[in-house]
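>>> when you get a sec, could you give me coordinates for this:
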Amino acid sequence: MPGARIERLVTSGTFSLDGGTWDVDNNVWIVGDDTEVIVIDAAHDADAVVRAVGGRALRAIVCTHAHNDHIDAAPELSARTGAPVLLHSDDLGLWKQTHPDRTPDAELTDGQSLLVAGTGLTVLHTPGHAPGAVCLYAPRLRALFSGDTLFAGGPGATGRSYSDFPTIIRSISERLLALPDDTVVHTGHGDTTTIGAEAPHLQEWLDRGF
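As a prediction, the model looks like this:
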């Protein structure tokens, strides 16, 4: 019986915070099989996500954090599919900046397990880029969905409100770099990487205040 697989959809829009707005391309990750899926970060374009999901049942819309570019399409996607929106409670303040009249449907908690197509994904609370930032680890797929916590080449940005550099470094070093080296890191923007490729650079990031 085929197991869960990983699909990537790239959508384009804007990221806004602290009075600035930037054009961005986001990775929307779809995890599941021919019957059911979850969506990780419903970014920008609900129509595109609905098309990518197709006739499959959407079990959940998982938000790795609540910056607007990762959640702007989540309420519409939920309304069209009936899937609940899941977010860590520490990011509710950020969520309300984008969606003041609609709250998430359920909380993500550290250590929680999400199941789709017979595959478990463990929620890892990894604050730093945002207070409620989480990653999802699927050992069966040798995959980590890192949101904006870890990218190919370094940590996510911490130069804006609600973020903190020492905190993101602690999250990465204690929670993510402890995973197997062959774990593929599926990021919120840009290319994938692996834990093994990023781990040797931890001291470099610290020295540079990356």
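>>> how about the helix or strand of the chain with the lowest mean pLDDT: buried residues?
The helix or strand of the chain with the poorest confidence is helix 202-208; it has a mean of 80 (mean pLDDT, DSSP states H and E). Judged by neighbour count using 16 or more other C-beta atoms under 10 Å, the buried positions of helix 202-208 are 202, 205. Yep, even glycine has a C-beta here, placed from its N, CA and C like the rest.
>>> against which helices or strands is that helix packed?
helix 165-171 (3 or more C-beta pairs under 8 Å, 6 or more residues apart in numbering; DSSP states H and E).
>>> starting at the chain centroid, how far to the helix it packs on?
In terms of C-alpha atoms, centre = their mean, to the nearest Å, the centre of helix 165-171 is set 17 Å apart from its chain centre.
>>> what's the answer for stretch 153-171, then?
15 Å.
>>> please enumerate residues in contact with that stretch?
17-18, 93-94, 125-131, 133, 147-150, 172, 188, 193, 198, 201-202, 205-206, 209-210 (C-beta atoms under 8 Å, 6 or more residues apart in numbering).
>>> how does it look with 6 Å?
17-18, 126-131, 148-149, 172, 205, 210 (C-beta atoms under 6 Å, 6 or more residues apart in numbering).
>>> which ones among those residues are found in strands?
residue 17 (DSSP state E).
>>> which of the contacts of stretch 153-171 sits closest to residue 78?
Using C-beta to C-beta, residue 130 comes nearest to residue 78 of the contacts of stretch 153-171, at 20.4 Å.
>>> let's verify residue 121: helix, strand, or coil?
Secondary structure assignment for residue 121 (DSSP: H, G, I helix; E, B strand; the rest coil): strand.
>>> isn't it up against residue 140?
No - counting by C-beta atoms under 6 Å, residue 121 does not reach residue 140; the two are 9.1 Å apart.
>>> show me where pLDDT drops low in the chain?
Residues of the chain meeting the criterion pLDDT under 70: 1-2, 209-210.
>>> all strands for it, in order.
Using DSSP E, strands in the chain cover 5-17, 20-32, 36-40, 57-62, 85-88, 106-108, 113-116, 119-125, 134-138, 143-147, 150-151, 154-155, 184-187, 193-194.
>>> which other helices and strands contact the second one?
With contacts defined as 3 or more C-beta pairs under 6 Å, 6 or more residues apart in numbering; DSSP states H and E, the packing partners of strand 20-32 are strand 5-17, strand 36-40.
>>> alright, calling it a day.
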